[in-house]
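Trainee: build me a structure from this.
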Amino acid sequence: MSVNLQKNCMKVSLVLVFLLFFQFTRAQYDFSEADRKIEQAKKELEGNAVVLVQKDGKIIYQKILGELNAKAQVPVTASSNWLTAALVMTFVDEGKLSLDDKISKYLPVYAKYSKGYITIRHCLAHLTGIDSDPVRSQKSFLDRKKYATLDEEVADFASSREIASNPGLEFRYSQVGPDIAARILEIITRRGFEQLMQERITRPLMMRNTSFSSFSAVNPTAGAISSAGDYINFLSMILNKGTFNGKRILSEKAIAEMETAQTTPAMIKYAPKALTGFNYGMGAWIQETDENGKATILSAPGLFGTWPLIDKCRGYAFIVLTKGTLSEEKKELVMSIKDAIDAVIPSACR
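Mentor: Next up is the predicted model:
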């Protein structure tokens, strides 16, 4: 047998093994109800969607509608928050930052404008107390004032925005906090946010279709372009307490900090309507908790309809990626699909 023939036989064999494995994995679970719900919601999903479920490091469910696929790049808007919080926590792990550092330590201009008591923790949890415009549509994130640099934007937050409340008391979902935290990373490293994100998050997680590149100021809060396949890798890392493919990206302590609620319902002065009733950790919403108050379901929905989520009780990562918009109706649909998945994946929680 020739060398080329041997190589071709090996390639075919590997493909067949993969197909058999995928069919076996699918056979363990009956996702027909999830399929039915997604097919029925084609109009609501505007004919384009990718739904992935990953468990134990393997994709156990995939549903594709329209032109999208697992590698298709779309703006994920506010889902960017989770990525940015994770990047900040890599520096906390290394001792280069503390969550309770005052931002004026790195940005003295904030002390000048009576904003010196805001901490990095406040920034990641949208608790800066700085007045901000409500995020009522995707335009609030994408069509914001065009700054040339993140430095320019964050300096403007200090000088031109009023203080609505003392830090740590009131939650307002906005661009302000995460962008301040991201700028501090640029200051301590003398490197750009996009470069840091590539080195510490997207490259180690094999997120080849994910970028924060921009022709104006980088947008750490809502500027990521990603794919369902990429983002599910990030979710897998979070679900696995900071590891991915055997490599540690974040410490277990960092993951626990991100998943600890920083808010109470009374503190939330503004959140998108579809997220009403959830508390907030750092970078992600806490949808459900156990009897001890520990987060069991976390998510970071984006205004274009992308909904990444982890279910710790059932041990899976889940993402619905669309080109539509986030709404109450979209939330109900996503949760309906999740209910169908939950019906066939048992919970390990009481």
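Trainee: and the closest residue to residue 121 other than its chain neighbours, what does it touch?
Mentor: The shortest distance from residue 121 to any non-neighbouring residue, by Cβ to Cβ, 6 or more residues apart in numbering, is to residue 99 (4.1 Å). Placement of C-beta: from N, CA and C, glycine included. By Cβ atoms under 8 Å, 6 or more residues apart in numbering, residue 99 lies in contact with 92, 119, 120, 121, 124, 257.
Trainee: neighbour-wise, which of those leads?
Mentor: Highest neighbour count within the contacts of residue 99: residue 124, with 27 neighbours (other Cβ atoms under 10 Å).
Trainee: wait, residue 349 touches residue 295, no?
Mentor: No. Using Cβ atoms under 8 Å, residue 349 is not in contact with residue 295, being 11.6 Å away.
Trainee: neighbour count: these two, which is higher?
Mentor: Remark: of residue 349 and residue 295, residue 295 carries more neighbours, 21 against 13, as counted by other Cβ under 10 Å.
Trainee: how many residues are close by residue 60?
Mentor: When neighbours are defined as other Cβ under 10 Å, residue 60 has 19 of them.
Trainee: for it, report the pLDDT, please.
Mentor: Here the pLDDT value assigned to residue 60 is 97.
Trainee: how about the helices of the stretch 1-150 of the chain, start to end?
Mentor: For the stretch 1-150 of the chain, helices defined by DSSP state H, counting those that start in this stretch occupy the ranges 3-28, 32-40, 80-93, 109-112, 120-124, 138-142, 150-160.
Trainee: who touches both of residue 349 and residue 295?
Mentor: The contact sets of residue 349 and residue 295 overlap at residue 312 (Cβ under 8 Å, 6+ apart).
Trainee: from residue 175, how far off is residue 271?
Mentor: Going from residue 271 to residue 175 by Cβ to Cβ, to the nearest Å gives 14 Å.
Trainee: ok, these two, which is more surrounded?
Mentor: Neighbour totals were compared for residue 271 and residue 175, and residue 175 leads with 23 against 20 (other Cβ under 10 Å).
Trainee: could you verify my assumption that the more buried one touches residue 132?
Mentor: Yes. Between residue 175 and residue 132 there is a contact at 6.8 Å, judged by Cβ under 8 Å.
Trainee: quick one: low-confidence ranges for the stretch 251-350 of the chain?
Mentor: Within the stretch 251-350 of the chain, the stretches with pLDDT under 70 are 326-328.
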